[in-house]
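A.B. asks: Need coordinates for the below:
(one chain, ligands or ions: 1)
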Amino acid sequence: MTSTASSISRALTSSPVVVALDYDNRDKALAFVDRIDPRDCRLKVGKEMFTLFGPQLVRDLQQRGFDVFLDLKFHDIPNTAAHAVKAAADLGVWMVNVHASGGARMMTAAKEALVPFGNDAPLLIAVTVLTSMEASDLQGLGINASPADYAERLAGLTQQCGLDGVVCSAQEAVRFKAAFGQQFRLVTPGIRPQGSEVGDQRRIMTPEQALAAGVDYMVIGRPVTQSADPAQTLRDINASLGLEV
Ligand SMILES: O=C(O)c1cc(=O)[nH]c(=O)n1[C@@H]1O[C@H](COP(=O)(O)O)[C@@H](O)[C@H]1O
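C.D. replies: Predicted coordinates for the structure are as follows:
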């Protein structure tokens, strides 16, 4: 069931850093990627780049030795979501995600779609509450819980369905590790190395703070992609985490 792409040996970086590859230009994205080392990070491909450049972009990154987090946040009827997750696994990605708000039947179907892949299955994680959402947004959906409480509820449902972890805010990491255990992976955006531009992120943490809070994988975009020397920035981040990758 594995494709040629998935048979390419996976880079075994010990770094928790996942660089968000948010480009609208394929050449610029690959020029950036060619300046960094797969021993220093993994890469996240999201909806914009996947819509523009498709699975070939993922293969191009894998051929350069990078593990890819395919961040398409599937949310559909169980059958469709399961087939989409299987397609991602066929592509040989390292991690793929769904929206926890798709519900238990959808998440269970997605998990079951990965059973035939055995140890080659990607990590399957669920998005809880987007960091852009606040209490008033949830109220507009008829949900009266706070974002943190609602995220915890969705994370609990995710764990019951046997998924590997959740995307959440780093601010929720301590609480979620206590509630769901060390094995339940936490993937967090909103990470800013000391001294870098905050941009449009709000509740940020430094990589050191995120690691101390129990975050397993930290998604970092612009502080690396817009750095004059991205390879050095990655080495500095990894060094700040006590890693020699
Ligand atoms: O799912 C995500 O990746 C995501 C979820 C979320 O709640 N907040 C969030 O910022 N992200 C993504 O994380 C990345 C953060 O990029 P930077 O703000 O440039 O570090 C972007 O690709 C965002 O789309």
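A.B. asks: Tell me which residue in the protein sits closest to the ligand.
C.D. replies: Gly221 (2.5 Å; CB to the nearest ligand atom). Bear in mind the C-beta positions are built from the backbone N, C-alpha and C, glycine included.
A.B. asks: and that residue, backbone torsions?
C.D. replies: phi -110, psi -100 (degrees, to the nearest 10).
A.B. asks: Could you do the one 4 residues further on as well?
C.D. replies: Here is the backbone geometry of Thr225 (degrees, to the nearest 10): phi -70, psi -30.
A.B. asks: change the start of the numbering to 62 and stick with it
C.D. replies: Yep, numbering from 62; the last one is Thr286 now.
A.B. asks: so who does it touch?
C.D. replies: Contact analysis of Thr286 by CB atoms under 8 Å, 6 or more residues apart in numbering lists 80-84, 93.
A.B. asks: List of residues touching the top helix by length along the chain?
C.D. replies: Secondary structure of the chain per DSSP state H: the longest helix is helix 108-124. The contact list for helix 108-124 (CB under 8 Å, 6+ apart) reads 66, 69, 82-85, 87, 90-91, 94, 104, 106, 129, 131-134, 152-154.
A.B. asks: Within reach of the ligand, which of those are there?
C.D. replies: Counting by CB under 6 Å from any ligand atom, 83, 132 from those sit close to the ligand.
A.B. asks: just to revisit the earlier point, which pLDDT value does the model give the residue of the chain closest to the ligand?
C.D. replies: pLDDT, Gly282: 96.
A.B. asks: what's the answer for the one 10 residues further on, then?
C.D. replies: Per-residue confidence for Ala292 comes out at a pLDDT of 98.
A.B. asks: Ser193 too?
C.D. replies: Listed pLDDT for Ser193 reads 81.
A.B. asks: Number of residues surrounding it?
C.D. replies: Number of residues near Ser193 (other CB atoms under 10 Å) recorded here: 9.
A.B. asks: next one: Asp210
C.D. replies: Residues near Asp210, counting by other CB under 10 Å, number 14.
A.B. asks: Same check on Glu195?
C.D. replies: 12.
A.B. asks: which one is it nearest to, not counting chain neighbours?
C.D. replies: Nearest residue to Glu195, sequence neighbours excluded (CB to CB, 6 or more residues apart in numbering): Pro208, at 6.3 Å.
A.B. asks: Neighbours of that neighbour, how many?
C.D. replies: Each residue near Pro208 was counted by other CB under 10 Å, and the total is 21.
A.B. asks: wait, isn't it in contact with Leu199?
C.D. replies: Yes. With contact defined as CB atoms under 8 Å, Pro208 counts as touching Leu199 (6.3 Å).
A.B. asks: which secondary structure element contains Gln243?
C.D. replies: For Gln243, there is no host helix or strand (DSSP states H and E).
A.B. asks: so what's it up against?
C.D. replies: Listed by CB under 8 Å, 6+ apart, the contact set of Gln243 reads Gly275.
A.B. asks: so which strand or helix has Pro284?
C.D. replies: Using DSSP H and E, Pro284 falls in helix 283-286.
A.B. asks: returning to that earlier point: how close does the residue of the chain closest to the ligand sit to Lys105?
C.D. replies: To Lys105, Gly282 is 8 Å away according to CB to CB, to the nearest Å.
A.B. asks: which is the next helix or strand following the biggest strand by length in the chain?
C.D. replies: If you go by DSSP state E, the chain has its longest strand at strand 129-135. Per DSSP H and E, the first helix or strand lying C-terminal to strand 129-135 is helix 139-151.
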